[in-house]
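>>> below is the structure, and that's it, no one-letter string:
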Ligand SMILES: Cc1cc2nc3c(=O)[nH]c(=O)nc-3n(C[C@H](O)[C@H](O)[C@H](O)COP(=O)(O)O)c2cc1C
């Protein structure tokens, strides 16, 4: 199995968490320049704002970075389309099932890494050809489930054969 940094094209096997209104293009570029995968968050932004932020990140880094699609966003369809148009290399998704967007992203060669809070969703998304899964426990405090990270991560690892990234309280 390939290592996460080999899949992402980064120096280190770390993905910066998407954080709505915090993880701008400038923020993501700084993380990518430090050797992780920087992520531009999109919660609350419309498609035009995301386009600006992607272009800003491209000015500031030549390293790979990604975009986090918050599936509860009213602009989710637009954002999914801009990810295709702006040649984004990696997408993570939060707060739901991104299944309807995955075929178009995969066709463009985009790496797709959904955040899940249950092994059953990880299993379902693996069938779409996702590149890895982020298993995020309740310690993250976000829009995830109630299972703790240390209970969730081994369940997801047993359920899928793609790489699994642990999130939720890991750095605390
Ligand atoms: C301030 C803040 C905003 C966040 N916004 C988003 C978001 O827009 N989309 C998303 O998928 N996750 C969001 N998250 C979750 C993070 O991306 C990450 O998955 C989570 O913080 C991991 O848990 P940890 O910080 O305990 O390791 C947010 C987290 C924080 C702290």
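Nice, thanks for sending it over. Worth saying up front: this structure is predicted, and the values here are computed from it rather than measured.

>>> so is stretch 90-108 next to the ligand?
Yes - against the ligand, stretch 90-108 shows contacts by Cβ under 6 Å from any ligand atom at residue 94. All C-beta atoms are positioned from the backbone trio N, CA, C, and that covers glycine.

>>> what's in contact with that stretch?
Contacts to stretch 90-108, defined as Cβ atoms under 8 Å, 6 or more residues apart in numbering, come from residues 8, 15, 18, 37, 39, 64-72, 80, 83-84, 110-115, 121, 124-125, 128-130, 134, 142-144.

>>> then stretch 12-23?
3-5, 8, 27-28, 31, 35-44, 66-68, 70, 92, 94, 113, 134, 140, 165, 167.

>>> quick one: distance of that stretch to the chain centre.
8 Å (Cα atoms, centre = their mean, to the nearest Å).

>>> may I see the buried residues of that stretch?
13-18, 23 (16 or more other Cβ atoms under 10 Å).

>>> average model confidence for that stretch?
For stretch 12-23, the mean pLDDT works out to 91.

>>> what of stretch 159-171?
On average, stretch 159-171 scores 89.

>>> how about residue 126: what's its closest non-neighbour residue?
Excluding its sequence neighbours, the residue lying closest to residue 126 (Cβ to Cβ, 6 or more residues apart in numbering) is residue 160, at 4.7 Å.

>>> cool, and residue 138?
Take residue 138 and drop its neighbours on the chain: the residue closest to it by Cβ to Cβ, 6+ apart is residue 146, 5.2 Å away.

>>> measure that neighbour to the ligand for me?
15 Å (Cβ to the nearest ligand atom, to the nearest Å).

>>> then residue 77?
17 Å.

>>> contacting residues around the helix or strand encompassing that residue?
Counting by DSSP states H and E, the element that carries residue 77 is helix 76-85. Contact with helix 76-85 is made by 42, 45-47, 50-51, 54, 67, 69-70, 73, 91, 101, 104-105, 108, 110, as judged by Cβ under 8 Å, 6+ apart.

>>> one more pass at 7 Å, please.
For helix 76-85, contacts defined as Cβ atoms under 7 Å, 6 or more residues apart in numbering pick out 42, 46-47, 50-51, 67, 69, 73, 91, 101, 104-105, 108, 110.

>>> mind giving me the PyMOL command for buried ones among those residues?
The buried residues among these can be selected in PyMOL (16+ other Cβ under 10 Å) with this line:
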select buried, resi 42+47+50+51+67+69+73+91+101+105+110
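
>>> among the contacts of helix 76-85, which ones are in strands?
Among the contacts of helix 76-85, the members falling in strands (DSSP state E) are 67, 69, 91.
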